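In: Sharing a sequence plus its predicted fold:
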Amino acid sequence: MKILLIALTDTYECLLPALEEKNHQYKLITELSRPGNHNIYYGGPGTVEWVKEEIRKYSPDLVINNMAGLLLPKSDSYTYFGNTEESSRLEMNKWETRQTVKSFGFDFLFPEVVAECNLDEMTYFPYTTYLKSKGNDTFCQAWKVTPDTDLNYHNRVLQHHNRIKCPAYVERAVDFEVEGCCQFRIANGSYNLTSVQGIYGNPSGYKQLVGTSDWRDDTYMGDLTPDQHKVVTEKCGEWLEYAATLGGNYEGNIGTGITSDLDVYWFEHNSRQSMYSQFVGDADSWIDSFTKNTNQNFWEFPHGESLRTQIG
């Protein structure tokens, strides 16, 4: 089978040997593949047309699109697995998703929103915050901003990337005992939680726009206690019942914070397979999982190992 894979770097590279073992042909397109430094992650101008031409030239039997912001049409020429416009928005429009989780009455806590501003206009706070774009943007992620951050430089970096008028919001950091990461698969209107683990260490998976630190340093995966596992599984499962109604055949993860009282903070929904994980298992079974309701987990972070050490 000829397979075209579309994903951020450090996502599907570990899958390629398993595809070769099954004698599949493949081509991998990443955010760095388009000439002229055009990042295709968020589906910017001309991206869909460029990807459609790459598909035409390769003529695959199967296209697996793990870019949440890149929306491609289905085709009679190949089988397609990816997000719908509605499921894509769960990641690419974090503010809208946050409001949906709140308005639908899902039983999560939420960090306090201390400001709404443009992405490059954040002001100083004497405590740690997280800056998030409200909508579809090149930096559709959470930036950790500590009180010692040089905000003038921080904002100039964002201006340099021409995201000057992108609406954003600022959340105050919250106290929690462990970050709960729920990996899931949605296929044909159903969901399965494939892995529920804790993310430990400092800074527990968040990126800093300014500075030399790497978020993977001293960050590792580990087990949750039975009570933590139970509460985060129940709450994320309720949310995924709704998310599955939005369609798509894709893998993703939900980020949460579990407190010592077993309350659960909502952080984000990602409509794509995580970066930096390792593929385990059979490639054909993984492909079948996009259409079959299976709870098999094909991706893992080895427990107790620094993510930085693990992937270099």
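Out: Cool, the structure landed.
In: can you pull out the helices in the stretch 201-312 of the chain?
Out: 226-243, 283-288, 307-311 (DSSP state H, counting those that start in this stretch).
In: Read off the pLDDT value for the residue nearest the centre of the chain.
Out: Geometric centre of the chain, nearest residue: N270, 3.5 Å, by C-alpha atoms, centre = their mean. Looking at N270, its pLDDT stands at 95.
In: Can you give the domain ranges for this protein?
Out: 2-81, 87-108+175-311, 113-172 (automatic domain parsing).
In: residue ranges with poor pLDDT in the stretch 151-300 of the chain?
Out: By pLDDT under 70, the weakly predicted segments of the stretch 151-300 of the chain are 161-164, 202-217.
In: Mind listing the residues bridging to the residue nearest to the centre of the chain?
Out: Judged by DSSP bridges, the bridge partners of N270 are N253.
In: what comes up buried for stretch 271-281?
Out: 271-277, 279 (16 or more other C-beta atoms under 10 Å). For the C-beta atoms, the positions are set from N, CA and C on the backbone; glycine is no exception.
In: scratch that, stretch 74-85
Out: 78-83.
In: now swap in stretch 29-38 and tell me
Out: In stretch 29-38, counting by 16+ other C-beta under 10 Å, buried: 29-31, 34.
In: what's that stretch in contact with?
Out: For stretch 29-38, contacts defined as C-beta atoms under 8 Å, 6 or more residues apart in numbering pick out 4-9, 39-41, 44, 46-47, 50-51, 54, 67.
In: if we go to 10 Å?
Out: With contact meaning C-beta atoms under 10 Å, 6 or more residues apart in numbering, stretch 29-38 is reached by 4-13, 27, 39-42, 44-47, 50-51, 54-55, 58, 63, 65-67, 69-70, 138.
In: tell me, how many neighbours does K292 end up with?
Out: For K292, the neighbour count with other C-beta atoms under 10 Å is 14.
In: related to what we said a few turns ago, list only those of the contacts of stretch 29-38 flagged as buried.
Out: The neighbour-count test (16+ other C-beta under 10 Å) marks 4-8, 11-12, 27, 39-42, 44, 47, 50-51, 54-55, 58, 63, 65-67, 69-70, 138 as buried among the contacts of stretch 29-38.
In: among the residues you listed, which are in helices?
Out: Residues of these located in helices (DSSP state H): 47, 50-51, 54-55, 58.
In: Any figure for the gap between the residue nearest to the centre of the chain and V178?
Out: Computed as C-beta to C-beta, to the nearest Å, the N270 to V178 distance reads 18 Å.
In: How about L90?
Out: L90 is 23 Å from V178, by C-beta to C-beta.
In: In the protein, where's the longest strand?
Out: strand 190-201 (DSSP state E).
In: Convert it to CSV, retaining C-alpha atoms only.
Out: The C-alpha coordinates for strand 190-201 follow below in CSV (Å, rounded to 0.1, in the frame of the first residue of the first chain):
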residue,chain,number,x,y,z
SER,A,190,-16.9,6.4,18.6
TYR,A,191,-14.0,7.1,21.0
ASN,A,192,-11.5,5.0,23.0
LEU,A,193,-9.1,6.2,25.7
THR,A,194,-6.0,4.4,24.7
SER,A,195,-3.6,5.6,27.4
VAL,A,196,-4.0,7.6,30.7
GLN,A,197,-0.7,8.6,32.3
GLY,A,198,0.8,11.3,34.4
ILE,A,199,3.3,13.9,33.2
TYR,A,200,5.9,14.6,36.0
GLY,A,201,8.8,17.0,36.4
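In: helices or strands next to that strand in the packing?
Out: strand 178-187, strand 219-222, helix 226-243, strand 250-258, strand 299-300, helix 307-311 (3 or more C-beta pairs under 10 Å, 6 or more residues apart in numbering; DSSP states H and E).
In: could I get those as a markdown table with distance to V196 and mean neighbour count?
Out: Converted to a markdown table, the helices and strands packed on strand 190-201 look like this (distance: least, C-beta to C-beta, whole Å; neighbours: other C-beta atoms under 10 Å):
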| stretch | distance to V196 | mean neighbour count |
| --- | --- | --- |
| strand 178-187 | 5 | 23 |
| strand 219-222 | 11 | 20 |
| helix 226-243 | 5 | 17 |
| strand 250-258 | 10 | 23 |
| strand 299-300 | 12 | 18 |
| helix 307-311 | 18 | 16 |
